[in-house]
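Engineer: Following is a predicted model, sequence given first.
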There are 2 protein chains.
Amino acid sequence: MEFQNLDRIAAFNELKALKPASLKEILTPSRIASSWVEAGASLRYNWAAMPVGEEHLAVLQGLSDEASLIEKYRLLLSGAVMNTGEKRQVLHHLARAAEGDPVIVDGEDKRAFYAGELAKIKAFSEQVRNGTVLGSTGKRFTTVVQIGIGGSDLGPRALYLALKGWAAHAHLVTLDAHFISNVDPDDGAQILSCLNLEQTLFVLVSKSGTTLETLTNQAFVSEAMREAGLDPSRHIVAVTSKSSPLAASDEVLDAFFIDDYIGGRYSSTSAVGGVILSLAFGYETFGLLLDGAHQADRQALNPSIGENAALLDALIGVYLRNVLRLPSTAILPYSQALSRFSAHLQQLDMESNGKSVNRDGEAIDYPTGPVIFGEPGTNGQHSFYQLLHQGTDIVPLQFIGFLHSQYERDVTVQGSTSQEKLNANLVAQIVAFARGKEDENANKKFAGERPSSLLYSERLTPEVLGALLAHYENKVMFQGFLWNINSFDQEGVQLGKVLATSVLKGSEEDPTLKAWAEIFAL
Amino acid sequence: MEFQNLDRIAAFNELKALKPASLKEILTPSRIASSWVEAGASLRYNWAAMPVGEEHLAVLQGLSDEASLIEKYRLLLSGAVMNTGEKRQVLHHLARAAEGDPVIVDGEDKRAFYAGELAKIKAFSEQVRNGTVLGSTGKRFTTVVQIGIGGSDLGPRALYLALKGWAAHAHLVTLDAHFISNVDPDDGAQILSCLNLEQTLFVLVSKSGTTLETLTNQAFVSEAMREAGLDPSRHIVAVTSKSSPLAASDEVLDAFFIDDYIGGRYSSTSAVGGVILSLAFGYETFGLLLDGAHQADRQALNPSIGENAALLDALIGVYLRNVLRLPSTAILPYSQALSRFSAHLQQLDMESNGKSVNRDGEAIDYPTGPVIFGEPGTNGQHSFYQLLHQGTDIVPLQFIGFLHSQYERDVTVQGSTSQEKLNANLVAQIVAFARGKEDENANKKFAGERPSSLLYSERLTPEVLGALLAHYENKVMFQGFLWNINSFDQEGVQLGKVLATSVLKGSEEDPTLKAWAEIFAL
């Protein structure tokens, strides 16, 4: 299969010649009705308010075909070495695909390996939840705390928050979950201040078993447990790789395994998310999330952009980024349950595609991953939307919305429920951004022509959440293929780590570093 | 005084001719030592890792002088109508300046008015905290919940989180605070699920008394209180304007007043932040925060860029935005206590300066406010920093750091405390971004030349937090003056509101809006 830079693909040069469609002109009821694409598990994508017409779509389909996007995805699924920098396979899709042919890596069937860890998670989480496994003073665990950073924090945290209301409405037994991530000791201190340690189980997540932030926070909470007369080894489980020092440590009660073939930001559907979510909500809920993600993964195999939301979302994104040259994208969920989902996507996208060299390590000269940011609506409307509407730069928008709320507890004020008000605002924003408004007073004029898309489902269930997660993972993957970059390594995080270690060692040979360090008495 | 567009100022045209200084070349220990500027209340700004040399500084000083930035700030302080769109004075500085000459607006001394509200807040918060004011079943209040959105939420929430650890370390009696902002009923439902309503006092914040999200959430919690057998009117206080329907409502226990001269995003130091923070931590703590903000406001009067951090930060920002054409800025506090401070600054900056017309309502043709985003370090290092280091676009960075933690509860691992690790990472990042790293493997190469600044103090106390808040308010104000825009209105939020109301009324005359609305069964 051919891997080539975006600017060498003929269809991309056709795309560059296409002016954006005018949203004021094209946004009609019939277009809205005909612009739906399946994303899997009842999640659907609507691109009606994106500046693309029939002509663009034809070229985008051609671009997908010419760049062999689906074939590259299939290659990845087959266990090819797609993380070219680190020379590794990319297997996060397997973590939610228990059924299928073996995928042999390092002489091991990885599909069976992930399924085996899932079985362990199921058994262990049930034992904790039914009181078979108890704390060191014989009490049941009521609270779980994940200690991890980056992908071991953002994804699992976003998913936990996203399911709390659903679980409450379903009357599930729920363990409270908290997260300690930052090496700032105030993070751990603040969480510890609200825990009953006797009834708390910590989930320590570090693939290498050497992440400094995470080991430091382990020491921090272990000291607190010892001070409280508890045995930390009966209050901590590890999620780590088999070869890590944590795997066989007698400091932990149990260990669940991950491996080098699932990057941190893609690991929410592995044991990294699975242990905490199964403890909090029960394994069945996590299983539903995996089902939804797997459905989205299968949907993403469809070569037709009219039937593959992740693919079309990726292609339109490249049009916005590389032809219209828009440098950022806002993710705007109209759902308080997704309050940290944008922060997860910020990592997923910016860490995957914030690259300047292609998969062969050659410099490229077109823009890659955009800046990603976002907060839930309607909150954002009372905050940064001013710039989105009337600022000098255009920011493409990705709305996410649901027909129903999670708790289904609502109030009618001025003739409408809160959920209706929420969604009325969402649709109003789509139209306001697209159409703008003329006004004699320039201060009250809205230029419009600000593109947005919508991801929609009836309700934010575990399946829909899984599909939403996988939609973005697959979108980011397709964009990485288009930009011909390696979306699966993160060499850009290394230099800071090396220099931080120098600082802690005294940085004697680096006067500039030392000058900064002295400000902080280091 | 002359107000003119940035591109008509001679010094700006000089600035445009200046190439950025090479950080690799200029970042020396002596430069680091000599690049400090006072921001007020022991907060200091270091611009050593910004791409400006002596030549740039001279032109920036000239730009400040030619644009009369300090005179414009003085004009604002004197009570001139600086919110030209809404024809209003801009008085948030007065809210933290009890001492001084009267500032008469609408025939009233506004300085005395704000001071009077502070006295009311002090008295009321003491009565709640000492048990003189009780809930409707005779129990003490242990929890306070702010109901507000936008500026009535983001700033107060960020400040509350920023002071929790400080208050715990100081052994202050603290009432737990929560915030309900979103019209999504799941926001209120989730908060209600963890409250003991008998002991909860709600602070309802809406200047107009008509903010739909806020009134809806008032109805939502009032219904829950009635269901619990409580009298809502004894569990709610209002922060509103004197003329609002809430001011004299018998649905609230008491009312604290604000007015039209302090915009929502600038209102944290008014009753909008004052009531909740005084209830949570005691009035004295809020008073310290006001002192710090006032010190920063006075520091910002200094006409010399070498002695005025807000001014220099603003000017360098304009160089990055309008000469180097960098479209976004990341705010990166190395302090978990500031976990939501970037979200507040996102509103403050993007809502103030995301404008395309000048203060006279004429279109301008240079970029104004950038996209603002950020998360605390070290968390961000394991997330979006990949793009910051190796992405195709340069994103200017604003680091915030403190010598000491808040809780002062720490652990030594591998020879260093967590606080030392935190700060070692901060300084390592400054150097890594500036200097980059050569490598034969292009994938491991860092281009460097990525600018950053540092706001620094020994400890995040209420005074320092106040100064930090005011630093950014004043920076945004100075940038607004430079861009010749009105930073104090937000007409860009109106269109969405109007269309949302249409949707809720049926949007019969707008088929496009109706087509979207039907997706959500509206």
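Structural biologist: Thanks, I have it.
Engineer: tell me which element A:P156 is part of?
Structural biologist: helix A:154-169 (DSSP states H and E).
Engineer: Give the other helices and strands that the helix or strand following that helix contacts.
Structural biologist: Per DSSP H and E, the first helix or strand lying C-terminal to helix A:154-169 is strand A:176-180. Applying 3 or more Cβ pairs under 8 Å, 6 or more residues apart in numbering or on different chains; DSSP states H and E, one finds that strand A:176-180 contacts strand A:143-147, helix A:154-169, helix A:185-192, helix A:271-281. The way it works is simple: take the backbone N, C-alpha and C, and place the C-beta from them, glycine included.
Engineer: Which residue does the stretch 51-200 of chain A have closest to chain B?
Structural biologist: A:G150 (2.7 Å; Cβ to the nearest Cβ).
Engineer: Next one: the closest residue to that residue other than its chain neighbours from B:L338, what distance?
Structural biologist: Leaving aside its chain neighbours, A:G150 sits nearest to B:H382 (2.7 Å; criterion: Cβ to Cβ, 6 or more residues apart in numbering or on different chains). Relative to B:L338, B:H382 is positioned 17 Å away (Cβ to Cβ, to the nearest Å).
Engineer: Also A:E38?
Structural biologist: 41 Å.
Engineer: more neighbours, those two?
Structural biologist: Shown here are A:E38 and B:L338; by other Cβ atoms under 10 Å in any protein chain shown, B:L338 has more neighbours (28 against 18).
Engineer: Roughly how far does the more buried one sit from B:E351?
Structural biologist: For B:L338, the distance to B:E351 - Cβ to Cβ - is 19 Å.
Engineer: Repeat that for A:S193.
Structural biologist: Counting by Cβ to Cβ - A:S193 and B:E351 are separated by 34 Å.
Engineer: More neighbours: which of those two?
Structural biologist: Per other Cβ under 10 Å, whichever of A:S193 and B:E351 has more neighbours is B:E351, with 30 against 12.
Engineer: Test my guess that the more buried one contacts B:Q490.
Structural biologist: Yes - contact criterion Cβ atoms under 8 Å: B:E351 and B:Q490 qualify, at 5.4 Å.
Engineer: list residues touching both of these two?
Structural biologist: Common contact partners of B:E351 and B:Q490 (Cβ atoms under 8 Å, 6 or more residues apart in numbering or on different chains): A:Q386.
Engineer: if we can go back for a sec, so what's the residue nearest to A:G150 up against?
Structural biologist: A:149-151, A:153, A:213, A:264, A:347, A:493.
Engineer: With secondary structure and pLDDT as extra columns, can I get those in JSON lines?
Structural biologist: What follows is the contacts of B:H382, written out as JSON lines (DSSP: H, G, I helix; E, B strand; the rest coil; pLDDT from 0 to 100):
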{"residue": "A:I149", "secondary structure": "coil", "pLDDT": "96"}
{"residue": "A:G150", "secondary structure": "helix", "pLDDT": "96"}
{"residue": "A:G151", "secondary structure": "helix", "pLDDT": "96"}
{"residue": "A:D153", "secondary structure": "coil", "pLDDT": "98"}
{"residue": "A:E213", "secondary structure": "helix", "pLDDT": "89"}
{"residue": "A:G264", "secondary structure": "helix", "pLDDT": "97"}
{"residue": "A:Q347", "secondary structure": "helix", "pLDDT": "98"}
{"residue": "A:V493", "secondary structure": "helix", "pLDDT": "94"}
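Engineer: Name the member of those with the shortest distance to B:L43.
Structural biologist: A:E213 (26.6 Å; Cβ to Cβ).
Engineer: residues touching that closest one, list them.
Structural biologist: A:149, A:181-183, B:378, B:382, B:421.
Engineer: repeat that with 6 Å
Structural biologist: A:149, A:183 (Cβ atoms under 6 Å, 6 or more residues apart in numbering or on different chains).
Engineer: With A:M477 instead?
Structural biologist: With Cβ under 6 Å, 6+ apart, A:M477 has no contacts at all.
Engineer: Same check on A:Q347?
Structural biologist: Applying Cβ under 6 Å, 6+ apart, the residues contacting A:Q347 are A:154, A:265, B:383-384.
Engineer: got the end-to-end distance for stretch A:197-207?
Structural biologist: 25 Å (Cα to Cα, to the nearest Å).
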